[in-house]
Each structure stands twice: as C-alpha cells, then as structure tokens.
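Novice: Pasting the sequence and the predicted model now:
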Amino acid sequence: VTTSPAGDKLPNVNGLRDAKPRHSLGYRVQHRARTIVASVIAAMLVFSGTAAAATWLDVNGIIKDHSVEIIGQGSLDANTSIIDPNSGKPIEFVLIGQDSRDGEENQSVGGNFDDVVGNHQADTTMVAQISADRTKINLVSIPRDSLVDIPQCETTNGTIPAQYNVMFNSIFANAYQTGGDLASAASCTLNAVNSLTGLNIQNFIVVDFAGLVKMINAVGGVDLCIPQDVDDPYTSLQLTKGLHHLDGHQATQYARTRHGLGDGSDTSRTTRQQYLIKQLMNEALSKNLFTDTAQLYQLAKSALQSLYISQGMADTAALAGLAMSLKDFNLSNLYSQTVPVVSAPSDPNRSVWTDEAETLWEKMRADKPIYGSDESDANTDANTAGNSDGSSDNSTDGTDNTDNMGTDNTGSQEAAQTPDPVTGLITQADGTLIDPNTGGTVDPEDGSIHDALTGQYIGLADRYLNATVCAVPAKN
C-alpha cells in the first residue's frame, strides 16, 4: 500500500487545513456494510463529532497510511485530484468488500482453510453515489456471480487481456494474483465497473471481514430482525426468528451467509448486507454528538483503520468536508438496490444482468435517485416513503406508485396505491402486499420481495420487516 503524493490539491475546506485545527472540528465518517458500505457511509456521517489537534493528527495519520494509488488505464486517471465536497457535483466511489482470510481476525469470520489463505476475492462490490446537492445517496450492489464482459486491465506486474463471460468477482481476484497488490485488484475492478455502467468513477474504498466486525463493535452492536430461524453449519451461526442485538462477529456472519436463507442466491445475500448497512447507520446516528463523543471517535477511528482508500479520497480535509456536507442527510434518502439479474442461460448457478440494469445506470449517470424522479420528489411527503432493502430503500423518494403499478391515480384507486406510512407497502384488495418501488409482491412472513411475474427473489422490505415481524425499536 502506498501513500498518495497528491494530498494538497483541495482548497482549504472550512479551515480544515489550518496549522492548528479549529475548535469543534467535526468528523462524521460512515462505514459501509457487509464488508464495505457501512464502513464508509456510516463512518462519514459520524465523522463530524470530535475535534482537538491530537485527534486530527491521529486520524490524518491513519488515512495517509491507508491510501492506495490508482493504476492509470482505460477510464482511470492515475493523477486524479482530491475530491472537492463543495464542487456541486456528484461524488462516486466503488465499495469493495474483500474476502481475505489473511490474519486471525479474518479467519475467525471466514474460516481458516489452506486453499484460501493468501487468496483475495471481492466478496461484495457496491457502487455508491452521493448526489450533487448531498441530499441523496444511491447504493447499488453488483452480484459477485453475475457473468460480465470486461476490458483489459493494467496491473503493477503486467496486463490482463480483455475477458468475456466471466464472474464479476473474478476481476478482483485475478488482478490481485497477477499484480500482487491491492492497487491492481481495486483499479481493475474500478475500470471494469466504469466499462459496464458508463459511469466515470475515479475512487474506491476496500474493507475486509475484520473491518466490519470492528465497526459494528465500535457502536456496541446492531439490532437486526431475523425473519426465519438460522442454523448455518458453514458459519456456525444459530439464530431464532425475531429481533436480535448482534455483535460484530455475529452480524457479519449473518450478512455473508447464503445457505438456508431466502432462496440461497447472491441477490438474497446482498439485500441482507444492505439491511445491515442501514441498521448500522441508524445505530451510529443515534449516538449523541456531545455525550457519546468518545464512542463516536472510536467508531470513526475503527472505520478508518479498516479501510483502504484510493488517493482521490484519502485526504483528511476532503473526508471531513464531505462529512460536513452530509450533516443533515436523512436516511430516508438512501436508496439501495441490487443490479437486476436472471439466471444465466449457460449455467443456472450464475446470473446475467437484465435490460433493467441499463435503466438503473442511466439514472445514476444523470445524478438522479434510482427510485422516483426529481420532479415528483419535491412534492412527496417523507412519511409516505416506501422502504425495501436490496431492491429499494427507506424511501420511494417521490416515486409515483400508481405508475409503478400501472393504475390511474384517481379516486379510490389512488387511495389503494398509497403506501402505508409505517410499512411503506401497498395492500391490495385481496390482501397482497406490494412494494411500490419494484412492483414486486412481498411475503408477509419474512418480508422478501419477489418479481410479480417470475417469482424471483429481488429484495427485502426491511421497513415492513422492522415494523411488523420484529417491531425494531426506533433510534432517536
């Protein structure tokens, strides 16, 4: 891991580059979940809590030590500038959860097997986009078993030719093996994401199992609603249906397992990861900025120690400025989805992206929320926001539910299409629960969302899950 030399390209943001940090210098750093996102977004939104020169120097040292250079190629600029939180432009990065078994902490979660120690896989990859006005965040998971075509890749130890019909998570693993370092693996993954999505992302953040465990433990654990009994011999995880307060190890195991839960698909797993992100963020944001300062500082420090950040984001002033620009962020405007997929014709155990994936990326290229529209968003009451994880999030962000359901917005039909303010779901005359964002049907027993036509698992109605199955306590 190398330290970026480009540390002074950002203007002095709110005095953050002063020789002596000002009073109440704030951080709110938000970590990304599963193995990634809770570490970042959660760490960013909590970063704004501690001040003091010693704190600044401590955090700054951690960030610099964990900076990773980008290898220039294709869409990537090796000399990319430090992000400017006040630029009025979207800020985008790829969050990569590294499935590494190096070290005792990672082995305690993922297992200690001779054939995987030293092997580096991309367990989870999410595309994060913070809107230009800093009021919305899109978070899109890319299934690791989806088959994709990718461009050639430059590593620190040679070129990997273009590949066709390969599993997405093989990009990170092959580049790490060829280049021998994190810079190669993350840069190749980032370049491939740009090629597949049409986005122009120049930054990444990488975290492993141990990082997520530390992050969750730093906030004292998280409340998770478990919709069905869990008895997974692969992770030794045993949980009964209902509300559980889990520590970092347990929560991470729950988020990464896929045996005996949902339909066993990678989509099912990624929706649980997204649910964990939200619960972690809720826990972090419930802390009192004044009475829980020490815990918030440990949260931010744990997050940063667990992350490896590309040079364009590995800057203390830039991260603090970004955190400050998000200080009023409402979690109802965090939209999460997994790239729409179907089973691959060549292999039922693999998946391919559907045509709806391009619609998703088109919205992000236009800096729009992946659900709803800017126009309708301005006229929608936040209390009627829908919230389904994996295929949607805590809010419809103004989604016209009648359009999603193909029904005229008139009279009794309009009332029938209004989401319940508590669960975020629509109840049809026959009692069927509908997720307004996806149009999918919701299983009342476990909150799983299924495609109305194919029956395929597409998401998790986490707001319904919390409100009805477990009655998760609200965080103030």
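Specialist: Alright, I've got the coordinates.

Novice: who are the neighbours of the longest helix anywhere in the chain, in terms of helices and strands?
Specialist: Longest among the helix segments of the chain by residue count, using DSSP state H, is helix 266-285. Packing partners of helix 266-285 (3 or more C-beta pairs under 8 Å, 6 or more residues apart in numbering; DSSP states H and E): helix 37, helix 43-46, strand 137-142, strand 222-226, helix 248-256, strand 334-338, strand 457-460. In this view, the C-beta of every residue, glycine as well, is placed from N, C-alpha and C.

Novice: Just the C-alphas of the last one, formatted as CSV.
Specialist: To tie it back to what came earlier, the one meant is strand 457-460. The C-alpha coordinates for strand 457-460 follow below in CSV (Å, rounded to 0.1, in the frame of the first residue of the first chain):
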residue,chain,number,x,y,z
TYR,A,457,-36.3,-13.0,-5.3
ILE,A,458,-35.5,-9.4,-5.8
GLY,A,459,-35.3,-7.7,-2.5
LEU,A,460,-36.1,-7.3,1.2
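
Novice: average model confidence for the longest helix of the chain?
Specialist: The pLDDT scores in helix 266-285 average 80.

Novice: Extract the C-alpha trace of it and format it as PDB.
Specialist: C-alpha atoms of helix 266-285 as PDB (Å, rounded to 0.1, in the frame of the first residue of the first chain):
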ATOM      1  CA  ASP A 266     -26.400 -13.900  -4.100                       C
ATOM      2  CA  THR A 267     -29.200 -11.400  -4.500                       C
ATOM      3  CA  SER A 268     -30.700 -12.600  -1.300                       C
ATOM      4  CA  ARG A 269     -27.300 -12.200   0.400                       C
ATOM      5  CA  THR A 270     -26.700  -8.700  -0.900                       C
ATOM      6  CA  THR A 271     -30.100  -7.500   0.300                       C
ATOM      7  CA  ARG A 272     -29.200  -8.700   3.800                       C
ATOM      8  CA  GLN A 273     -25.900  -6.700   3.500                       C
ATOM      9  CA  GLN A 274     -27.800  -3.600   2.600                       C
ATOM     10  CA  TYR A 275     -30.200  -4.100   5.500                       C
ATOM     11  CA  LEU A 276     -27.200  -4.400   7.900                       C
ATOM     12  CA  ILE A 277     -25.800  -1.100   6.500                       C
ATOM     13  CA  LYS A 278     -29.000   0.700   7.300                       C
ATOM     14  CA  GLN A 279     -29.200  -0.700  10.800                       C
ATOM     15  CA  LEU A 280     -25.600   0.100  11.500                       C
ATOM     16  CA  MET A 281     -26.100   3.700  10.200                       C
ATOM     17  CA  ASN A 282     -29.200   4.000  12.400                       C
ATOM     18  CA  GLU A 283     -27.200   2.900  15.400                       C
ATOM     19  CA  ALA A 284     -24.300   5.200  14.600                       C
ATOM     20  CA  LEU A 285     -26.500   8.200  14.000                       C
END
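
Novice: ok, M281 to D58 distance?
Specialist: Separation of M281 from D58 (C-beta to C-beta, to the nearest Å): 24 Å.

Novice: Between these two, which is the more surrounded one?
Specialist: Ranked by neighbour count (other C-beta atoms under 10 Å), M281 and D58 place M281 first, with 28 against 15.

Novice: The more buried one contacts N330, correct?
Specialist: No - the pair M281 and N330 fails to qualify as a contact (C-beta atoms under 8 Å) at a distance of 11.3 Å.

Novice: Give me the neighbour count for A128.
Specialist: By other C-beta under 10 Å, 24 other residues sit near A128.

Novice: Can you say which helix or strand has it in it?
Specialist: strand 120-130 (DSSP states H and E).

Novice: Mean confidence (pLDDT) on that strand, please.
Specialist: 85.

Novice: how about the strands in the stretch 51-200 of the chain?
Specialist: For the stretch 51-200 of the chain, applying DSSP state E, counting those that start in this stretch gives strands covering 67-68, 91-100, 120-130, 137-142, 147-150, 153-155, 158-160, 163-167.

Novice: Can I get these in CSV including distance to D223?
Specialist: Output for the strands of the stretch 51-200 of the chain, formatted as CSV (distance: least, C-beta to C-beta, whole Å):
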stretch, distance to D223
strand 67-68, 33
strand 91-100, 22
strand 120-130, 21
strand 137-142, 20
strand 147-150, 36
strand 153-155, 41
strand 158-160, 43
strand 163-167, 34
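
Novice: Starting from L196, give me the distance back to T156.
Specialist: 23 Å.

Novice: Compare those two and say which one has the larger neighbour count.
Specialist: L196 (20 against 14).

Novice: Leaving aside the residues adjacent along the chain, what's closest to that one?
Specialist: Counting by C-beta to C-beta, 6 or more residues apart in numbering, V148 is the residue found nearest to L196 once chain neighbours are left out, at 5.9 Å.

Novice: Please apply the same query to L322.
Specialist: In space, L322 is closest to P85, 4.1 Å off (C-beta to C-beta, 6+ apart).

Novice: The one you found: how many residues sit nearby?
Specialist: Going by other C-beta under 10 Å, the residues that sit close to P85 add up to 23.

Novice: so who does it touch?
Specialist: Residues near P85 by C-beta atoms under 8 Å, 6 or more residues apart in numbering: V13, I91, R134, A318, G321, L322, M324, S325.

Novice: what's the burial count for G431?
Specialist: 7.

Novice: no wait, T338
Specialist: 29.

Novice: Make sure it is actually in contact with L460.
Specialist: No - the criterion here is C-beta under 8 Å, and T338 misses it with L460 at 9.9 Å.

Novice: Buried residues of stretch 254-272, list them for me.
Specialist: 254-258, 261-262, 265-272 (16 or more other C-beta atoms under 10 Å).

Novice: cool, stretch 336-352 as well?
Specialist: S336, Q337, T338, V339, P340, V341, R350, S351, V352.

Novice: just stretch 145-156 next, same as before
Specialist: Buried, per 16+ other C-beta under 10 Å, within stretch 145-156: D145, S146, L147, V148, I150, P151, C153, E154, T155.

Novice: can you dump the C-alpha coordinates of that stretch into CSV?
Specialist: Output of stretch 145-156 as CSV, limited to C-alpha atoms (Å, rounded to 0.1, in the frame of the first residue of the first chain):
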residue,chain,number,x,y,z
ASP,A,145,-21.7,-14.4,-9.5
SER,A,146,-23.0,-12.4,-12.4
LEU,A,147,-21.3,-13.1,-15.8
VAL,A,148,-19.9,-10.0,-17.5
ASP,A,149,-17.5,-8.9,-20.3
ILE,A,150,-14.6,-6.7,-19.1
PRO,A,151,-11.8,-4.7,-20.8
GLN,A,152,-8.1,-5.4,-20.5
CYS,A,153,-6.6,-4.5,-17.2
GLU,A,154,-3.2,-3.0,-16.2
THR,A,155,-1.6,-4.3,-13.0
THR,A,156,1.7,-3.5,-11.4
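
Novice: so what's the residue nearest to L196 up against?
Specialist: Counted by C-beta under 8 Å, 6+ apart, V148 has contacts N165, V166, M167, F168, A192, L196, W353.
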